[in-house]
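> Pasting the sequence and the predicted coordinates here, then a few questions.
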Amino acid sequence: MTCYRRISACLGLLILFLSPAALAGAMPVKPVAATAWNKGRETGLPIPRYVSLRAQKARMRVGPSTMYATRWIYVKPGLPLEIIDEYGHWRQVRDDTGVTGWMHSALLSGTRTALIAPWLTKNAMLRADPSPAARAVAELQPRVLVSLQSCTGRWCRVSVREHSARGYVRQDKLWGAYPGEMFQ
């Protein structure tokens with residue numbers, strides 16, 4: 001009888017700890033960009049949103065505190081990052097490679113920058129006007145850092161950082177502006 005009680009107790013605990021969601025398998029994770037825009041619980045600003053790195057040296061941490069381990073150290077000011085969550089003065093960010101972690105808000109800037117899309121197999125054309133037929137100003141390799149002045153939803157007016165090149169790049173060739181996003 002003791003063996004029967006132990007088996008019953010184990011089965012009871014098993015049923016208690018295995019919820020229907022666990023039995024159904026892993027829940028699919030939606031990409032952040034495909035979800036509805038939410039407001040940040042600390043700032044009220046849209047989540048997700050793009051910002052850039054302000055600091056010369058910034059630590060991405062595993063959690064929202066200096067007590068958490070450092071995951072990466074970034075040393076490129078102006079690098080675009082995507083804020084995907086907020087907690088106090090900490091922002092959960094994602095970089096262009098998909099790495100996520102937490103950074104203090106003082107390390108970030110609202111200045112918009114972008115990278116020429118890292119997934120491109122060909123260079124992106126920097127054009128004089130927002131038209132595929134416009135004169136080409138330059139060819140930009142994937143991961144070139146640009147400053148964003150404005151976006152129309154299809155084209156972004158950019159300047160190449162640390163160079164004098166200016167013009168327009170198709171918005172879908174950038175990591176740092178959402179598809180269809182418009183701003184001045």
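Structure received.
> Now do the helix or strand containing residue 168: distance to the chain's middle.
Take DSSP states H and E as the rule and residue 168 turns out to sit in strand 166-170. Relative to the chain's own centre, strand 166-170 is displaced by 22 Å; criterion: CA atoms, centre = their mean, to the nearest Å.
> I'd like the average pLDDT over the helix or strand just after it.
Going down the chain from strand 166-170, the next helix or strand is strand 174-175, by DSSP H and E. Averaged over strand 174-175, pLDDT sits at 98.
> pretty sure residue 106 contacts residue 89?
Yes. Taking CB atoms under 8 Å as the definition, residue 106 is a contact partner of residue 89 at 7.3 Å. In this view, the C-beta of every residue, glycine as well, is placed from N, C-alpha and C.
> Which residues are in contact with each of the two?
Shared contacts of residue 106 and residue 89, defined by CB atoms under 8 Å, 6 or more residues apart in numbering, are absent.
> average model confidence for stretch 63-82?
For stretch 63-82, the mean confidence score works out to 97.
> Contacts for that stretch, please.
Taking CB under 8 Å, 6+ apart as the rule, stretch 63-82 contacts 32, 48-62, 87-88, 90, 92-96, 99, 101-103, 108, 111-115, 145, 147, 161, 175-176.
> what residues does stretch 129-145 touch?
Against stretch 129-145 from outside (CB under 8 Å, 6+ apart): 76, 78-80, 96, 113-120, 123-128, 146, 152, 154-155, 157, 160-161, 165-170.
> Among those residues, name the buried ones.
78-80, 96, 113-117, 120, 124-127, 146, 155, 157, 160, 166-169 (16 or more other CB atoms under 10 Å).
> that older thread, derive a ChimeraX selection command for the buried subset of the contacts of stretch 63-82.
Selecting only the buried entries of those in ChimeraX, with 16+ other CB under 10 Å as the criterion:
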select :48,49,50,51,52,53,54,55,58,59,60,61,90,92,93,94,95,96,101,102,103,108,112,113,114,115,145,147,175,176
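> Now do the same contact list for residue 119.
Counted by CB under 8 Å, 6+ apart, residue 119 has contacts residue 142.
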